[in-house]
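[1] A predicted structure for the sequence below; I have some questions about it.
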Amino acid sequence: MMAWRAIRDFSRRRYRERRLGLAVFVAAWSVGVLLPLSGLFVVSFLTGRGIGFQFPPTVKAYADIVSGFRLDVILRTLRLAAIITVIDLVLAFPFAFWLAKGLKHQGLKFVTLVLLVIPFFLSPAARTIVWRSILGREGVINLVLVGLGISDRPLDWLLFSEVAVAIGSIGPYFPAMVWPLYISLSLVDDELINASRDLGAGPAATFRLVVLPLALPGVAAGIIFTLVPLLGDNVVSTLLGGGRVLLIGEGVNSLIGVLNYPTAAALATVVLLAIVVLQWFFWLALRAMGRGDLFAVLRQ
């Protein structure tokens, strides 16, 4: 009887501790995430007056986005972010597969993973500014093209263009795509791949029928971790766009600089809604494929 009471008291105590931990987490998440986002949404419906706001609520900020040049900014940002994400996915998937399944030397694998983390500790401006010496009129690429006779004169469109912004964004966001893919592919059982080969399936069929379906959670996570930060990036467009390629992140900073907080909040809200729609789309697509739970593979 005493043992039963001790077990019951212990279970109740653990239950209260879990509820307390959950309550603390929800409170911290609400204050740190929900409250700022809610404030952003509210500000987008107000009218700016100096550094303050005035009522009544209005949709003027959203009308400015639709009727002004900022709609073009949104579409350009979405297009470039999608292109860069697709390029990073195409480059990162074979690299992550080699890292997870092909590379057997643990020391080399550790060094490679560390090298993938190092870019996150470098200044975004320092990582980006080096491309000016590569893409400029007197940069490495133009010197090679002119020196080999491939081009009669330096290519002006390599720098301060959408091409430059795309090239400068591929590298910094490559690790963000590799890591989820690497984790997902590492959890794919090698015996399933070997069984597919033993049954006569070629590399293409094994990839399509075995590897890719099991790696879909990693693909979805990699796309989200790459695309979402790209939508708010303003460093690459500022340094490599030269004022000719205005993106959402740079546009928000410009609006804040002129104290146009409602329109900046509206622009940020549109980005947030785009992110929510994107995640909802991926969830529906994965659920239709029977992979709706992104973390199911981690519990196997």
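    Here it is on my side, so go on. Numbers count the residues shown, from 1 in each chain.
[2] distance of Glu162 from Leu192?
    Distance, Glu162 to Leu192, by CB to CB, to the nearest Å: 41 Å. C-beta here means a position set from N, CA and C on the backbone, and glycine is covered the same way.
[3] element containing the residue lying closest to Tyr173 once chain neighbours are set aside?
    Leaving aside its sequence neighbours, Tyr173 sits nearest to Thr226 (CB to CB, 6 or more residues apart in numbering; 4.8 Å). For Thr226, the host element (DSSP states H and E) is helix 212-232.
[4] comparing Glu162 and Leu192, which shows the higher neighbour count?
    Glu162 (18 against 14; other CB atoms under 10 Å).
[5] would you mind confirming that that one is in contact with Val245?
    Yes - using CB atoms under 8 Å, Glu162 is in contact with Val245, at 5.4 Å.
[6] give the residues shared as contacts by those two.
    Arg76, Leu80 (CB atoms under 8 Å, 6 or more residues apart in numbering).
[7] past the helix holding Thr226, which element shows up next along the chain?
    helix 235-241.
[8] quick one, phi/psi of Thr47?
    Main-chain dihedrals, Thr47, degrees, to the nearest 10: phi -110, psi 130.
[9] next, count neighbours for the nearest residue to it once chain neighbours are set aside.
    Nearest residue to Thr47 in three dimensions, chain neighbours excluded: Gln54, at 5.2 Å (CB to CB, 6+ apart). Counted with other CB under 10 Å, the neighbours of Gln54 add up to 10.
[10] give me the most central residue, this structure.
    The residue lying closest to the centre of the chain (CA atoms, centre = their mean) is Thr226, at 2.3 Å.
[11] gap between that one and Ala265?
    25 Å.
[12] then Ala221?
    With CB to CB as the criterion, Ala221 and Ala265 are 28 Å apart.
[13] now swap in Val26 and tell me
    Going from Val26 to Ala265 by CB to CB gives 25 Å.
[14] those two: who's more crowded?
    Ala265 (24 against 11).
[15] is the more buried one in a helix, a strand, or coil?
    helix (DSSP: H, G, I helix; E, B strand; the rest coil).
[16] mind starting the numbering at 319 from now?
    All right, first residue 319 from here; so that's Ala583.
[17] pretty sure it contacts Val361?
    Yes - when contacts are counted by CB under 8 Å, Ala583 is listed as touching Val361 (4.1 Å).
[18] now do the helices in the stretch 369-518 of the chain.
    Shown for the stretch 369-518 of the chain, the helices assigned by DSSP state H, counting those that start in this stretch span residues 378-385, 388-415, 424-435, 442-447, 450-453, 458-465, 480-504, 508-516.
[19] got the ones you listed as CSV, with mean pLDDT columns?
    Listed next are the helices of the stretch 369-518 of the chain as CSV, based on pLDDT from 0 to 100:
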stretch, mean pLDDT
helix 378-385, 79
helix 388-415, 90
helix 424-435, 86
helix 442-447, 83
helix 450-453, 87
helix 458-465, 86
helix 480-504, 91
helix 508-516, 82
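[20] no further queries at this time; thank you.
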